[in-house]
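Engineer: requesting a structural model of the entry that follows:
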Amino acid sequence: MTYKAVIFDLDGTLVNSLSDIATATNTVLANNNFPTHDDQAYNFFVGSGLRTSVARALPAHAQTETEIDRCYDEMMLIYNRDCTLTTKPYSGIISLLDQLKAKGIKLAVLSNKADALTKKIAGEIFPDYFEIIQGLTTEEFKKPNPVVALQMAAQLGVQPNEVLYVGDSGVDMETAVNAQFHAVGVLWGFRPKEELLATGAQTLLHNAEELLELL
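Structural biologist: Next up is the predicted model:
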């Protein structure tokens with residue numbers, strides 16, 4: 001199969017953003033006298049949008065819609081300011097993007113992170129690589145709903161079977177399956193191999209360079 005485009009997830013795939021997310025969320029938790037969590041716990045809080053990660057971080061008795069909204073708003077004030085303090089590309093990602101771009105492969109980012117933040121982080125860290133950078137604008141269309149992913153493929157001028165979708169979570173693999181993309185799971189991200197395989201990963205990557213073998 002000839003692949004003409006690669007759509008990447010952002011957090012846990014292109015960048016390690018866990019510490020910035022954890023710090024912003026823990027600050028809110030501490031300010032509200034709620035228990036905080038170590039960074040490792042956030043591996044399983046993230047992946048379905050920042051509001052959901054805040055909800056998962058709250059103690060059970062505080063997981064009301066009102067409290068989630070309030071803490072999410074507080075977290076976003078901090079995270080908007082500090083979202084790139086420690087967030088960095090994973091090893092080999094810049095080289096991979098350079099090689100994909102040299103091959104004429106169309107590149108895009110699709111994240112469940114809020115759209116403005118997705119554009120800010122991807123735009124600052126990876127200038128001039130991606131034709132489309134898309135984050136979450138409508139809760140209804142959050143991954144694994146494939147609607148936005150398929151719209152992006154159409155914008156890139158490719159068919160679904162010409163797209164590699166690269167992510168680190170079950171949500172990403174389900175998105176790829178739902179869109180009929182080739183599902184590529186990365187093993188350097190936030191979720192374990194077992195989750196990726198159980199949700200439809202067709203290829204697993206141990207390092208960024210291995211993606212080139214699919215091309």
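
Engineer: give the contact list for Ile94.
Structural biologist: Contact analysis of Ile94 by Cβ atoms under 8 Å, 6 or more residues apart in numbering lists Phe126. C-beta coordinates here come from the backbone N, C-alpha and C atoms, glycine included.

Engineer: that one in helix, strand or coil?
Structural biologist: Following DSSP: H, G, I helix; E, B strand; the rest coil, we place Ile94 in the helix state.

Engineer: against Thr118, how distant is it?
Structural biologist: Noted for Ile94: a distance of 18 Å to Thr118, by Cβ to Cβ, to the nearest Å.

Engineer: try Thr36
Structural biologist: From Thr36 over to Thr118 (counting by Cβ to Cβ), the distance is 25 Å.

Engineer: Met75 now?
Structural biologist: Distance, Met75 to Thr118, using Cβ to Cβ: 16 Å.

Engineer: cool, and Tyr79?
Structural biologist: For Tyr79 relative to Thr118 (Cβ to Cβ), the value is 12 Å.

Engineer: so the nearest residue to Asn32 once chain neighbours are set aside is in which element?
Structural biologist: Using Cβ to Cβ, 6 or more residues apart in numbering and skipping residues adjacent in sequence, the residue nearest Asn32 is Cys71, 6.7 Å away. Taking DSSP states H and E as the definition, Cys71 sits inside helix 65-82.

Engineer: against which helices or strands is that helix packed?
Structural biologist: Applying 3 or more Cβ pairs under 8 Å, 6 or more residues apart in numbering; DSSP states H and E, one finds that helix 65-82 contacts helix 18-31, helix 50-57.

Engineer: of Thr36 and Thr118, which one has the most company?
Structural biologist: Counted by other Cβ atoms under 10 Å, Thr36 and Thr118 do not tie: Thr118 has more neighbours, with 22 against 14.

Engineer: what's the spacing between whichever strand or helix holds that one and its chain's center?
Structural biologist: Following DSSP H and E, one finds Thr118 within helix 115-125. Centroid separation for helix 115-125 versus its chain: 11 Å, with Cα atoms, centre = their mean, to the nearest Å.
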